[in-house]
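In: Mind looking at a prediction? Sequence and model below.
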Amino acid sequence: MQKILFLGAGSMAEALIHGWVEEEVVPAEHIYVTNRSNSERLALLHQKYGVNILENKEDIFSMDLLILAIKPKDVKAAMEDVKDYIGPETAVLSVVAGIAIETIEEGLGSRPIARVMPNTSATIGMSASGIAFNNQVSQVHKALYLQMLEAVGIVIEVDEDKLHAVTALSGSGPAYLYYLLEAWESVGTEFGLSKEVVRQLMVQTIAGSAAMLKSVKEEPDVLRKKVTSPGGTTEAGIRALESNRFNEAIFACIKSAEARSRELAKGE
Ligand SMILES: NC(=O)C1=CN([C@@H]2O[C@H](COP(=O)(O)OP(=O)(O)OC[C@H]3O[C@@H](n4cnc5c(N)ncnc54)[C@H](OP(=O)(O)O)[C@@H]3O)[C@@H](O)[C@H]2O)C=CC1
Ligand SMILES: O=C(O)[C@@H]1CCC=N1
């Protein structure tokens, strides 16, 4: 893939560009960016990463890969904008939440299409991505996409329908953890600790717990019980989580996000 165009130049496009350029998976000179109107944003990406700015729509014809990195609500208009310029040999990779491969085939014609759900941790090579393909993607291109996504984290192939769940879990997942940290910082400061101290303690706690789950072959409930001394502080904390319906809140969170992904698929 010598020429890769990002249609949409927001957070997710930047996370992938940053990861690919930094990890030397895709040279910056192979990457082109375009958006709706924010030319300052394109100039910033050019300056930060050395990527090219798409000069005119005719250049879309020669792209090997078009990456859809726009919001779901903008996808139909964006496809309408480019459909007369895209060449027959151009493959498509979409990171757009909820939008089905079938919708992209309708908008851009029958061609190889991959749908990926990464997360913003691609910026630092730590994305957890799900991927699904239509039946026109060759084995060679599948391997290439997997390699590109492995360079910015882990990637797991799933049936397309399961991408709704992947979106709700790992696509949105970083936001849930940041929200948790915001709550920890609020309560920590009530005890007179500074926000910075709480952040250092809890970021390391998240990183350490994730590393434990990856390195020791034990289930989360086993690891949890090792922290929980009978009659101790953790037990008191967990009891408070239970009485405040922690499980219900988490189930509601993931189910709402999954349902929203399905609504986006229907254009709602
Ligand atoms: N952010 C995240 O954590 C994740 C996001 N995603 C998915 O990635 C996609 C992009 O999200 P995100 O990067 O956060 O969004 P942003 O709002 O940061 O960026 C959206 C980009 O789309 C551009 N755009 C809008 N309409 C058009 C158009 N008609 N033609 C060309 N470009 C257009 C905007 O340009 P302009 O600024 O000029 O209007 C902007 O560059 C979404 O579909 C989201 O579901 C997937 C996984 C994680
Ligand atoms: O909130 C969203 O719709 C996107 C998809 C996953 C993360 N951000």
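Out: Done, it's in. Numbers count the residues shown, from 1 in each chain. Ligands and ions are numbered 1, 2, ... in the order given.
In: Stretch 127-146 near ligand 1 at all?
Out: No - using CB under 6 Å from any ligand atom, stretch 127-146 never reaches ligand 1; the gap is at least 8.6 Å. Quick note: C-beta positions are derived from backbone N, CA and C, even for glycine.
In: Would you work out how far apart the start and end of that stretch are?
Out: Chord length of stretch 127-146, first to last residue, is 13 Å (CA to CA, to the nearest Å).
In: That stretch: which residues count as buried?
Out: 127-134, 137, 141, 144-146 (16 or more other CB atoms under 10 Å).
In: per-residue confidence averaged over it?
Out: Across stretch 127-146, the average pLDDT comes to 96.
In: ok, and what's touching the helix or strand encompassing residue 145?
Out: Element membership for residue 145, per DSSP states H and E: helix 139-150. Contacts to helix 139-150, defined as CB atoms under 8 Å, 6 or more residues apart in numbering, come from residues 1, 20, 25-26, 91, 93, 112, 114, 116, 118, 127, 129, 131, 133, 137, 155, 157.
In: cutoff 6 Å now
Out: 25, 114, 129, 155 (CB atoms under 6 Å, 6 or more residues apart in numbering).
In: Counting only helices, which of those make the cut?
Out: Of the positions in these, not one sits in helices, assigned by DSSP state H.
In: Now, these that are in strands?
Out: Applying DSSP state E to these, the entries found in strands are 114, 129, 155.
In: Of these, which is the nearest to ligand 1?
Out: residue 129 (8.6 Å; CB to the nearest ligand atom).
In: Contact partners for that closest one?
Out: 116, 118, 149, 155.
In: how far away is the third one from ligand 1?
Out: Per CB to the nearest ligand atom, to the nearest Å, residue 149 is found 12 Å from ligand 1.
In: got it, and the first one?
Out: With distances taken as CB to the nearest ligand atom, residue 116 is found 8 Å from ligand 1.
In: ok, now which ones touch whatever residue of the chain ends up closest to ligand 2?
Out: Distance from ligand 2 to each residue of the chain (CB to the nearest ligand atom) is smallest for residue 171, at 3.3 Å. Residues counted as contacts of residue 171 (CB under 6 Å, 6+ apart) are 117, 119.
In: Give me the phi and psi for it.
Out: The phi and psi values for residue 171, taken as degrees, to the nearest 10, are phi -70, psi -50.
In: again, but for the one 10 residues further on
Out: Dihedral angles phi and psi of residue 181 (degrees, to the nearest 10) take the values phi -60, psi -40.
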